[in-house]
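In: fold the following, please.
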Amino acid sequence: MKEWFVYILRCADDSLYTGIAIDVTRRIDEHNGKLPGGARYTRGRRPVRLLHSEQVASRAEACHREMEIKRLKKSEKELLIGG
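Out: Prediction:
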């Protein structure tokens, strides 16, 4: 079984982006334009940097955790990442 991760990025405009991936390093490179892909949201907010990641057991669990994090207020996300 593949390991999945939920991650939070800080964008250049100080916004936070939450996503899921198997390979977080590759995904950040996509978000930063080093590789093809990446979210439309991050394209105009580069560079992005990783602030937080959590390993989870499955894609379903990653999607569930991603939605939990996305529902948080920015101040609550900052507490989660320790900022």
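
In: ok, now how distant is the closest residue to Ile22 other than its chain neighbours from Ala62?
Out: Leaving aside its sequence neighbours, Ile22 sits nearest to Lys2 (C-beta to C-beta, 6 or more residues apart in numbering; 5.3 Å). Yep, even glycine has a C-beta here, placed from its N, CA and C like the rest. From Lys2 across to Ala62, the span is 10 Å (C-beta to C-beta, to the nearest Å).

In: so between the two, which is more surrounded?
Out: Neighbours per residue, other C-beta atoms under 10 Å: of Lys2 and Ala62, the larger number sits with Ala62, 22 against 8.

In: how many residues are close by Gly38?
Out: Gly38 has 19 nearby residues by other C-beta under 10 Å.

In: nope, Glu66 is what I was after
Out: Glu66, neighbours per other C-beta under 10 Å, totals 19.

In: would you pull up how far the strand or helix carrying it lies from the middle of the chain?
Out: Per DSSP states H and E, Glu66 falls inside helix 59-70. Between the centre of helix 59-70 and the centre of its chain there are 11 Å (C-alpha atoms, centre = their mean, to the nearest Å).

In: dihedrals phi and psi, the residue lying closest to Lys70 once chain neighbours are set aside?
Out: Among residues not flanking Lys70 along the chain, Thr18 sits closest, at 5.4 Å (C-beta to C-beta, 6+ apart). The phi and psi values for Thr18, taken as degrees, to the nearest 10, are phi -120, psi 140.

In: quick one on the thing from earlier: the helix or strand just after the helix holding Glu66 packs against which elements?
Out: Using DSSP H and E, the helix or strand that directly follows helix 59-70 along the chain is helix 74-80. The contact analysis (3 or more C-beta pairs under 8 Å, 6 or more residues apart in numbering; DSSP states H and E) places helix 74-80 against strand 16-21.

In: by how many degrees do the helix or strand that comes right after the strand it packs on and strand 16-21 diverge?
Out: As assigned by DSSP H and E, the chain's next helix or strand after strand 16-21 is helix 24-31. Here the directions of helix 24-31 and strand 16-21 differ by 120 degrees (axes from the mean of the first three to the mean of the last three C-alpha atoms, to 10 degrees).
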